[in-house]
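1. here is a sequence together with a model predicted from it:
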Amino acid sequence: MSEKKDQKVCIIGMGYVGLPLAAVCAKNGYEVTGFDTDQSKLDIIAQGKSPFYEKFLDDLLPNVKINVTSDPKGIQGNDIYIICVPTPVDGKHNPDLKYVISASQAVANNMSRGALVILESTVNPGVSEEVVAPIFEKAGFVVGKDVFISHCPERVDPGNEKWNVTNLPRVVGSFDEIGLKRTVEFYKNITSGEIAEMDNIREAEATKILENSFRDINIAFVNEMAMSFARIDIDITNVIRGASSKFSFMPHWPGCGVGGHCIPVDPYYMIEKGKENNFEHKFLSAARKINDGMADYTVEMLQDKLNEVSMPVKGTNVGVLGISYKANIGDLRESPALRIIDKIKKMDANLITFDPYVPSLSSEKSLDEIMSKSEALVVVTNHDEFKNIPVSDFVKHGIKVIIDGRNCLDKKAIRAAGIVYAGIGR
Ligand SMILES: NC(=O)c1ccc[n+]([C@@H]2O[C@H](COP(=O)([O-])OP(=O)(O)OC[C@H]3O[C@@H](n4cnc5c(N)ncnc54)[C@H](O)[C@@H]3O)[C@@H](O)[C@H]2O)c1
C-alpha cells in the first residue's frame, strides 16, 4: 500500500507537535482525526483555533478540517496513526513513558490490520522495540505483517518562523523495509525537507537524543566559560563574536537557564539508558548540572549587584521580565523563570512579574507598570518587547540594578546611564 493522500491519518496528542502536524496533513488533502485526552484542548481546536500561540497555526487552522475526539473508539478506521504525546522525566529525572504506553495501547486496541504507526515523541534508543512494539504484539498484531511501526522524531521549534513542519528535514527509522518505505512516502507528501532513512529504528531514536544533547552540552560549555570569564571581567558575547570568525566555530550563547520540553529533558533519557547498560554518561550529566544551576547563578548575581548599591534583596522591589522559556512564545515548560521567581520570593523581595505571553502568571499588566514599580529588574526571557526598551525608560523609572539573563540589552549604554548592569558572562 502506498501512502496516498486519500488515506486517513490520526494524530494522537494535539499539542505543540501534534496540532501543527494535523493541520499540515489536512492542508495536504488527508482526512485527519486528532485524538487527545484533554477535551478542553479539543474544544478550542474544533473552533478552528489553537490552544497555544503559533503564528503559522493562526493562518492555517481556520482553513483546514480536523475531526477531534477524546474517545479512543473514535480513532478506529485510520490508515496511519502518529503518536505525539509528552515524554517528560519524573522528579528524579527518570524517563516517564506512561503517555507513550497509554497512546500505544489506545491505537493497538482500535486499529485495523495493516495500519502504519509512527512515533514522533522523543524517546531513547530502544523504546520502540522494548516498549511500543510489545504493546501491539500483545494486542495480537505481528509487527511487519499486521502493523508497521516507525519512528520519525519531531524537530519542530515553536515560534520559529523559518522552520516548521512543512519544511523541516526528517529522519526515519522502521522495523522493516515496508514500514520504512510507507513512512518516507508519507513525509514526502507533507514536508519539502529532505528525509534521511536510517538503517533501523534505534538509529532514528538516537538521532534526536544526539541533536538535543549536542545543544545542551554546547550551551553548558558557554555557560561555564561565561561564569569563569565574568570573574576576570571578560565579556563572553564579544569573545563568541571573535571566535565566530574561525571557520569551524559554532556559536552557542550563555543564559540564565535552558527550558522547554526537549533540551533539559531528553539527555536524561540517554543518561538512564546508559545506566541500564552500565555506562556512565559523564558529559551529559555535567551539562545538565551546569545548565540547571544557571537560575541559581542569576539570583546570586542579583544579590551581589544589589549589595554593590547597598540594597538588600529583602524588601526590594524586584521585577522579573519574562516567564516563558524562550522569546516570543508563552510556553512555560521547564522555564528557568519559575525557579528564579521562586528563589527571589524566598529571599523576601517584593517580587513582581510581567510576561506579555503569560498574562496568567504576570502580576503586572504592562511593561510600563512593572518598570514603574521596580527598583531592580531581572530579564529572564528575551521577548522583542524587552530587547527594545530605551535606556531612558530605565532611568525615568529609577531602576538601580539590571540583571540581563539573556544578554539582550545594551550593556554600555545602561552602565553609562549610571545603572548597575550584569549579564551572564558580561
Ligand atoms: N514542543 C516542542 O518543541 C517539541 C519539539 C520536538 C519534539 N517534541 C517532542 O514531541 C512530543 C510531544 O511534545 P509536545 O510539546 O507536543 O507536548 P504537548 O504537551 O504540547 O502535547 C501533548 C498532548 O498529548 C496529549 N496526551 C497525553 N497522553 C495522551 C494519550 N494517551 N492519548 C492522547 N493524547 C494524549 C496531551 O493532553 C497533550 O495535549 C514529546 O516527546 C516532545 O519531547 C516536542
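-> Great, that's in hand.

2. pretty sure residue 117 belongs to a helix, no?
-> No: going by DSSP: H, G, I helix; E, B strand; the rest coil, the assignment for residue 117 is strand, not a helix.

3. please name the bridge partners of it.
-> On the basis of DSSP bridges, residue 117 takes part in beta bridges with residue 81, residue 149.

4. would you mark the buried spots in stretch 283-291?
-> Along stretch 283-291, the positions that meet the burial threshold by neighbour count (16 or more other C-beta atoms under 10 Å) are 284, 287, 288, 290, 291. For glycine as for every other residue, the C-beta is placed from the backbone atoms N, C-alpha and C.

5. er, stretch 262-280 I mean
-> When burial is assessed from 16+ other C-beta under 10 Å, stretch 262-280 yields the following buried residues: 262-274.

6. then stretch 389-406?
-> Residues 389, 391, 394, 397, 399, 400, 401, 402, 403, 404, 405, 406 are the ones in stretch 389-406 that count as buried (16+ other C-beta under 10 Å).

7. start to end distance for it?
-> Distance between the two ends of stretch 389-406: 14 Å, counting by C-alpha to C-alpha, to the nearest Å.

8. cool, and stretch 50-69?
-> Taking C-alpha to C-alpha, the first and last residues of stretch 50-69 lie 15 Å apart.

9. what sits up against it?
-> 14-16, 19-20, 22-24, 26-27, 31-36, 40-42, 44-46, 48-49, 75, 158-159, 161, 164, 329-331, 357 (C-beta atoms under 8 Å, 6 or more residues apart in numbering).

10. residue 156 in helix, strand or coil?
-> At residue 156 the chain is in coil, as set by three-state DSSP.

11. residue 15 is in contact with that one, correct?
-> No: counting by C-beta atoms under 8 Å, residue 156 stays clear of residue 15, with 10.4 Å between them.

12. let me see the contact set for the closest residue to the ligand within the chain.
-> Nearest to the ligand in the chain, going by C-beta to the nearest ligand atom, is residue 15, at a distance of 1.8 Å. Residues in contact with residue 15, defined by C-beta under 8 Å, 6+ apart, are 36, 41, 52, 84, 85, 86.

13. low-confidence ranges in this structure?
-> Residues of the chain that meet the criterion pLDDT under 70 lie in 1-5.

14. pick out the residue closest to the middle of it.
-> When the chain is reduced to its mean C-alpha position, the closest residue under C-alpha atoms, centre = their mean turns out to be residue 260, at 3.4 Å.

15. for the ligand, tell me which of the buried residues of stretch 389-406 show up nearby.
-> Taking C-beta under 6 Å from any ligand atom as the test, the ligand is in contact with none of the buried residues of stretch 389-406.

16. can you list those in TSV and add secondary structure and distance to residue 214?
-> Rendered in TSV, the data for those read as follows (DSSP: H, G, I helix; E, B strand; the rest coil; distance: C-beta to C-beta, whole Å):
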residue	secondary structure	distance to residue 214
389	coil	33
391	helix	36
394	helix	37
397	coil	41
399	coil	37
400	coil	39
401	strand	35
402	strand	32
403	strand	28
404	strand	26
405	coil	23
406	coil	21
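
17. is stretch 199-211 up against the ligand anywhere?
-> No: shown here: stretch 199-211 not in contact with the ligand (C-beta under 6 Å from any ligand atom), separated by at least 7.4 Å.

18. how about the strands in this structure?
-> Residue ranges of the strands in the chain, as given by DSSP state E, are 8-12, 31-35, 66-69, 80-83, 115-119, 147-151, 170-174, 195-197, 317-321, 350-354, 376-379, 401-404, 420-423.

19. so what's the closest residue in space to residue 354 that isn't next to it in sequence up against?
-> Take residue 354 and drop its neighbours on the chain: the residue closest to it by C-beta to C-beta, 6 or more residues apart in numbering is residue 370, 4.1 Å away. Contact partners of residue 370, counting by C-beta under 8 Å, 6+ apart, are 319, 321, 352, 353, 354, 363, 364.
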